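A.B. asks: Just the structure for this:
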Amino acid sequence: MDGHDSQDSKQSSADMTVFVQNLLQQMQSRFQTMSDTIVTKIDEMGNRVNELEQSINELKAEMGVDGSPSPLPPSKLNSDEEKKEDGSA
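C.D. replies: Numbers count the residues shown, from 1 in each chain. The predicted model follows:
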């Protein structure tokens with residue numbers, strides 16, 4: 001009987017080892033897929049930010065702004081904001 005129990009125990013341990021190895025391989029594969037997806041999305045986001053920055057710079061150049069302050073004087077901006085708040089705009 002002891003020999004039979006020992007064999008069942010060895011087989012059970014082998015089965016458990018194979019199960020755990022397969023589970024770890026599946027987890028590693030899923031983590032790798034998620035990691036690749038995240039890196040791809042970050043790269044895409046970086047490209048979109050660069051394109052947006054380039055578009056903003058092109059618009060500034062077209063307007064002739066190039067980093068200068070707002071074309072409207074502050075008093076003009078404040079009066080426009082007050083009109084919007086009053087509803088008279």
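A.B. asks: CA only for contacts and neighbour counts going forward, please
C.D. replies: OK.
A.B. asks: Now the lengthiest helix in the chain: average pLDDT?
C.D. replies: Longest helix of the chain, by residue count under DSSP state H: helix 2-63. For helix 2-63, mean pLDDT rounds to 93.
A.B. asks: Which neighbouring elements make contact with that helix?
C.D. replies: Of the remaining helices and strands, none touches helix 2-63 by 3 or more CA pairs under 8 Å, 6 or more residues apart in numbering; DSSP states H and E.
A.B. asks: Please work out which residues outside stretch 40-47 touch it.
C.D. replies: The contact list for stretch 40-47 (CA atoms under 8 Å, 6 or more residues apart in numbering) is empty.
A.B. asks: what comes up buried for that stretch?
C.D. replies: By neighbour count with 16 or more other CA atoms under 10 Å, stretch 40-47 contains no buried residues.
A.B. asks: With just CA atoms, put it into CSV.
C.D. replies: Written as CSV, here are the backbone C-alpha positions of stretch 40-47 (Å, rounded to 0.1, in the frame of the first residue of the first chain):
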residue,chain,number,x,y,z
THR,A,40,2.1,51.1,-27.9
LYS,A,41,-0.6,53.4,-26.4
ILE,A,42,2.1,55.6,-24.7
ASP,A,43,4.0,55.9,-28.0
GLU,A,44,0.8,56.8,-29.8
MET,A,45,0.0,59.4,-27.2
GLY,A,46,3.5,60.8,-27.4
ASN,A,47,3.1,61.1,-31.2
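A.B. asks: count of neighbours near K60?
C.D. replies: When counting by other CA atoms under 10 Å, one arrives at 14 neighbours for K60.
A.B. asks: My error: substitute Q11 in the last question.
C.D. replies: Neighbours of Q11 under the rule other CA under 10 Å: 12.
A.B. asks: do E58 as well
C.D. replies: Residues near E58, counting by other CA under 10 Å: 13.
A.B. asks: Now do it against F31, distance only.
C.D. replies: Look at E58 and F31: by CA to CA, to the nearest Å, they are 40 Å apart.
A.B. asks: S13 too?
C.D. replies: 27 Å.
A.B. asks: And T37, by the same measure?
C.D. replies: Look at T37 and F31: by CA to CA, they are 10 Å apart.
A.B. asks: ok, now S12?
C.D. replies: Using CA to CA, S12 is found at 28 Å from F31.
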